[in-house]
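S.K.: fold the following and give me the result.
(chains A and B, ligands or ions: 1)
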Amino acid sequence: MSGPLAAGAPKPECDVAIVGGGIMGLALAYHLALRGVTDVVVLERGYLASGASGRNGGGIRMQWSTETNIRLMRESVELCKRFAQELGVNVWLRQGGYLFLASSDGERARMEQNVALQNRFGVPTRMLLPDEARQIVPDLAPGSFVAACFNPRDGILFPWPFLYGYANQAAARGVEIHTACEVRTIEPGPRGFRLTTSKGALTAQRVVDAAGAWSPAVARLVGVSLPNRPHRHEILATQPLKPFLGPMVSVLRSGLYFSQSMRGEIVTGITVEDGLSERVNMGSRLVFLTTLAREITRVMPRLAQVRVLRQWAGPYDVTPDGNPIVGEAPGVPGFYLACGFVGHGFMMAPVVSKYLGEWLAGGAEPEFLQRWRLARFAEGDLHREDMIIG
Amino acid sequence: MAGKVIVCRCEDVTLDDLAHATSLGYAHIEEVKRYTGLGTGPCQGKECMVACALFLARTTGQPPSEGEPFTSRPPIAPVALGTLARDGGEGALPTGRGRGR
Ligand SMILES: Cc1cc2nc3c(=O)[nH]c(=O)nc-3n(C[C@H](O)[C@H](O)[C@H](O)COP(=O)(O)OP(=O)(O)OC[C@H]3O[C@@H](n4cnc5c(N)ncnc54)[C@H](O)[C@@H]3O)c2cc1C
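M.R.: Numbers count the residues shown, from 1 in each chain, chains lettered A, B, ... in the order given. Just a heads-up that it's a prediction; the model follows:
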């Protein structure tokens, strides 16, 4: 049996070279290939799950604060439901809902606004009184929140198989996927882009920067300056427990979130200030464990007995307005950006890559390109997303 | 080899599972960990990692001395959330250096 990874050097010429073998790069390669654009090479510096895509919490939700995100995520969840069949992998999807907790009247008001917007676009989120929320999660401490909202159709999945599923299906259609293959230079020229990598050089008609938190460095290779910066985000998993927790629970004020994976572990993270930096830092800290432990045992005291098995970290790919950067880079025709997905790129990838793949295969221009174009930062035309967690 | 050989007892990963992963081209120890789930249970690889590294050395023909462990994840042993909430101490003590770049 052979896997999706190509051996040897990348082929010398291709139509599309995708830099980054995370969820965005692999999903895009799959959607291009589905539409007949199979002359595609994915170049990944590490291994397939080495970036944020191998390190995230696997949460997928339709509860957002902007129309674009709500509509896209409603569709993305529908796509995820079909993946086990379409990609031939078990993605361990479980739709237990997302339960957001408000700690103040101000947060409750913000929540009510978002819920109304979500309802308008067909997402069945509803506001709950604390007692109603405690019917869904009985172990929540009384008095630890003033209101909640719940969408039963949100859920969680296990990220790793997703990557292998996309990789397998892309490779089966002719896409070359190279790991341990770092892109070092990219030079635009009359006959396409000349790329050099740690496994040899190649020429590509089009290049996609899907390097996540590392995308500014890749864009800089063609002289494009991006405003996104990496932000360390830590997360942990506990010992596995019998299934007892239905939804993903998230406290708006602290950025705490926790869910029970299909493996039974409680997977949980929280916002800990770290400052934006130019460099990706994936070190683990004790201050994360203690901050998280205090908050989670305040909200759900019973978890005090549960033991932490392991903690790790990955990069959020943070943009100034919390929205991604997608589209052709101004001044460099043929160079495309698909980055800046902050802390929600995993759930967005299925739907974003579908529309992006259609467009790059000659189809219609996706609606989100206008909102997510790089030029918005220079023009000051920003629409902030305020449902960013962690 | 006859019968079922379990390499990772926490997550029930067998020698066949490892062979399957390497046959697909997932030959880096971090990749094998993610493809099979080896080393992600209560012992965090303390029992199985060396066996896995030796298997990879044998499969790829690399000298075992060149094998690398996968990144070890804190804490060293499972710790209750209640203990961390109570006795965790203050300040940003590093518990691991990670592999950032
Ligand atoms: C702890 C944590 C929890 C999260 N929780 C969630 C969640 O619950 N739900 C959700 O939807 N999202 C979540 N996210 C965010 C999500 O993981 C990311 O948005 C998403 O994985 C980004 O995918 P990507 O493909 O853009 O980037 P990545 O997965 O980071 O892939 C980029 C790849 O580019 C490669 N690369 C970089 N430079 C080069 C180069 N020069 N040459 C070749 N390759 C290169 C890197 O090695 C990397 O593999 C979380 C993130 C973290 C860190």
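S.K.: what about B:Leu24, neighbour count?
M.R.: Residues within reach of B:Leu24, counting by other C-beta atoms under 10 Å in any protein chain shown, total 18. In short, each C-beta sits where N, CA and C put it, glycine included.
S.K.: check the gap between it and B:Glu30 for me.
M.R.: B:Leu24 sits 15 Å away from B:Glu30, going by C-beta to C-beta, to the nearest Å.
S.K.: over to A:Ile136?
M.R.: Going from A:Ile136 to B:Glu30 by C-beta to C-beta gives 37 Å.
S.K.: what about the helices in chain A?
M.R.: All helices of chain A, identified by DSSP state H, fall at A:23-34, A:67-87, A:105-120, A:130-136, A:159-172, A:215-220, A:286-299, A:345-360, A:368-372, A:375-379.
S.K.: most packed of these?
M.R.: Neighbour counts (mean count of other C-beta atoms under 10 Å in any protein chain shown) averaged over each of the helices of chain A peak at helix A:23-34, with a mean of 28.
S.K.: average pLDDT for that helix, rounded please.
M.R.: In this model, helix A:23-34 has an average pLDDT of 98.
S.K.: with stretch B:80-98 instead?
M.R.: 66.
S.K.: cool, stretch A:139-154 as well?
M.R.: So the average pLDDT for stretch A:139-154 ends up being 97.
S.K.: one step back: the helices of chain A: which one's closest to chain B?
M.R.: helix A:286-299 (3.0 Å; C-beta to the nearest C-beta).
S.K.: using CSV, write out every CA atom in the closest one.
M.R.: This file holds the C-alpha atoms of helix A:286-299, laid out as CSV (Å, rounded to 0.1, in the frame of the first residue of the first chain):
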residue,chain,number,x,y,z
LEU,A,286,3.2,26.4,34.0
VAL,A,287,1.3,29.7,34.1
PHE,A,288,-1.1,28.3,31.5
LEU,A,289,-1.8,25.2,33.6
THR,A,290,-2.5,27.2,36.8
THR,A,291,-4.6,29.9,35.0
LEU,A,292,-6.6,27.3,33.3
ALA,A,293,-7.0,25.1,36.4
ARG,A,294,-8.3,28.0,38.5
GLU,A,295,-10.9,29.1,35.9
ILE,A,296,-12.1,25.6,34.9
THR,A,297,-12.6,24.5,38.6
ARG,A,298,-14.4,27.7,39.3
VAL,A,299,-16.9,27.0,36.5
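S.K.: any residue of that helix up close to the ligand?
M.R.: No. Using C-beta under 6 Å from any ligand atom, helix A:286-299 stays clear of the ligand, coming no nearer than 10.5 Å.
S.K.: where does pLDDT dip in chain A?
M.R.: Applying pLDDT under 70 to chain A flags residues A:1, A:390.
S.K.: break it into its domains for me.
M.R.: According to automatic domain parsing, chain A comprises the domains A:1-95+A:156-228+A:319-390, A:96-155+A:237-316.
S.K.: format those as a markdown table; extra columns: distance to B:Arg34.
M.R.: Converted to a markdown table, those look like this (distance: least, C-beta to C-beta, whole Å):
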| stretch | distance to B:Arg34 |
| --- | --- |
| domain A:1-95+A:156-228+A:319-390 | 5 |
| domain A:96-155+A:237-316 | 12 |
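S.K.: nearest spatial neighbour of the closest residue to the ligand within the stretch 251-390 of chain A, chain-adjacent residues omitted?
M.R.: In the stretch 251-390 of chain A, no residue comes nearer to the ligand than A:Gly345, which is 2.3 Å away by C-beta to the nearest ligand atom. Of all residues not flanking A:Gly345 in the chain, A:Met24 sits nearest, at 6.2 Å (C-beta to C-beta, 6 or more residues apart in numbering or on different chains).
S.K.: just to check, that neighbour is in contact with A:Ala338?
M.R.: Yes. Using C-beta atoms under 8 Å, A:Met24 is in contact with A:Ala338, at 5.2 Å.
S.K.: any shared contact partners between the two?
M.R.: Common contacts of A:Met24 and A:Ala338, defined by C-beta atoms under 8 Å, 6 or more residues apart in numbering or on different chains, comprise A:210, A:352-353.
S.K.: for the residue nearest the centre of chain B, which three-state class applies?
M.R.: The centroid of chain B falls nearest to B:Gly39 when counting by C-alpha atoms, centre = their mean (3.5 Å). At B:Gly39 the chain is in coil, as set by DSSP: H, G, I helix; E, B strand; the rest coil.
S.K.: buried stuff in the lowest-mean-pLDDT helix or strand in chain B?
M.R.: Here the helix or strand of chain B ranked lowest by mean pLDDT, DSSP states H and E is helix B:81-87, holding a mean of 92. Neighbour-count burial for helix B:81-87, with 16 or more other C-beta atoms under 10 Å in any protein chain shown as criterion, is recorded at B:81-82, B:84-85.
S.K.: mind putting these into JSON lines with distance to chain A?
M.R.: What follows is the buried residues of helix B:81-87, written out as JSON lines (distance: C-beta to the nearest C-beta, whole Å):
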{"residue": "B:Leu81", "distance to chain A": "5"}
{"residue": "B:Gly82", "distance to chain A": "3"}
{"residue": "B:Leu84", "distance to chain A": "4"}
{"residue": "B:Ala85", "distance to chain A": "4"}
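S.K.: circling back: now the residue nearest to the centre of chain B, nearest residue through space, not along the chain?
M.R.: Spatial nearest neighbour of B:Gly39, chain neighbours left out: B:Gly45 (3.1 Å); criterion: C-beta to C-beta, 6+ apart.
S.K.: wait, what's in contact with residue 67?
M.R.: The chain I'm using is chain A. A:Glu67 sits next to A:117, A:121 when contact means C-beta under 8 Å, 6+ apart.
S.K.: my bad, the chain I had in mind was chain B
M.R.: So B:Gly67 contacts B:29, B:53-54, B:56-57 (C-beta under 8 Å, 6+ apart).
S.K.: in helices, which of those residues fall?
M.R.: Mapping these onto helices (DSSP H) picks out B:29, B:53-54, B:56-57.
S.K.: make JSON lines from the residues you listed and add pLDDT to it.
M.R.: Compiled in JSON lines, these are given as follows (pLDDT from 0 to 100):
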{"residue": "B:Ile29", "pLDDT": "94"}
{"residue": "B:Ala53", "pLDDT": "95"}
{"residue": "B:Leu54", "pLDDT": "94"}
{"residue": "B:Leu56", "pLDDT": "95"}
{"residue": "B:Ala57", "pLDDT": "94"}
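S.K.: near chain B, which residues of the stretch 201-350 of chain A are found?
M.R.: The stretch 201-350 of chain A comes close to chain B at residues A:232, A:238-239, A:279-287, A:289-290, A:292-294, A:296-297, A:303-313, as judged by C-beta under 8 Å from any C-beta of the partner chain.
S.K.: for the spatially closest residue to A:Asn168 that is not a sequence neighbour, phi and psi?
M.R.: Using C-beta to C-beta, 6+ apart and skipping residues adjacent in sequence, the residue nearest A:Asn168 is A:Pro4, 4.9 Å away. Main-chain dihedrals, A:Pro4, degrees, to the nearest 10: phi -80, psi -10.
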